[in-house]
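Trainee: Coordinates only, no sequence provided:
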Ligand SMILES: [Zn+2]
């Protein structure tokens, strides 16, 4: 618990599309999921990433926030759409939800097989690209921006930094064994 009474909530991320709605009672252990949403003030939602996208969402009028972990599987399974739906269930309005897409591996660096690229492109159009070597690539944040646009959310801000290129950021692709960036979002008490 922080000095202001805030409580940090982590998740056990599993590259799926499950969302945990966190109420006012503290979790005894991190839920297995890839998105957290809450309407509880002072509850800090945390997402850990090394190349996947940390997605932070907030409807400040309704007082609802969310944090999601969106890598290739999260993009393919639309975990961010599931998170917005859960926020709507707590009173949020998509048009008022502002979103931050944090540092992640960029499309010029994220190479994948043609089969996987085709699979992701058909499920989540907007992210298909070519890497700097001309191989099939995936721009996770472009796919998420397209998904969020289809949902009609408010402002989407993208931190353009690439985890694989920026040595100040952790990258699983670049380093193998690595640390994680944390993205956090909360409603002030
Ligand atoms: Zn890059």
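Mentor: Happy to help now that I have it. None of these values were measured; they are calculated from a predicted model.

Trainee: Can you show me the strands along the chain?
Mentor: 7-9, 19-22, 35-38, 43-49, 53-59, 64-70, 98-101, 128-130, 136-138, 156-158, 181-185 (DSSP state E).

Trainee: okay if I get these as CSV plus mean pLDDT and mean neighbour count?
Mentor: Any C-beta I mention is one placed from the backbone N, CA and C, and that applies to glycine too. As requested, these are exported to CSV (pLDDT from 0 to 100; neighbours: other C-beta atoms under 10 Å):
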stretch, mean pLDDT, mean neighbour count
strand 7-9, 87, 17
strand 19-22, 96, 21
strand 35-38, 98, 28
strand 43-49, 94, 22
strand 53-59, 98, 25
strand 64-70, 98, 29
strand 98-101, 98, 20
strand 128-130, 96, 16
strand 136-138, 97, 22
strand 156-158, 97, 15
strand 181-185, 93, 18
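
Trainee: Can you tell me the closest non-neighbouring residue to the most centrally placed residue in the chain?
Mentor: Centroid-nearest residue in the chain: residue 55, 2.9 Å away (criterion: C-alpha atoms, centre = their mean). Leaving aside its sequence neighbours, residue 55 sits nearest to residue 68 (C-beta to C-beta, 6 or more residues apart in numbering; 4.1 Å).

Trainee: is that neighbour in a bridge, and if so with what?
Mentor: residue 35, residue 55 (DSSP bridges).
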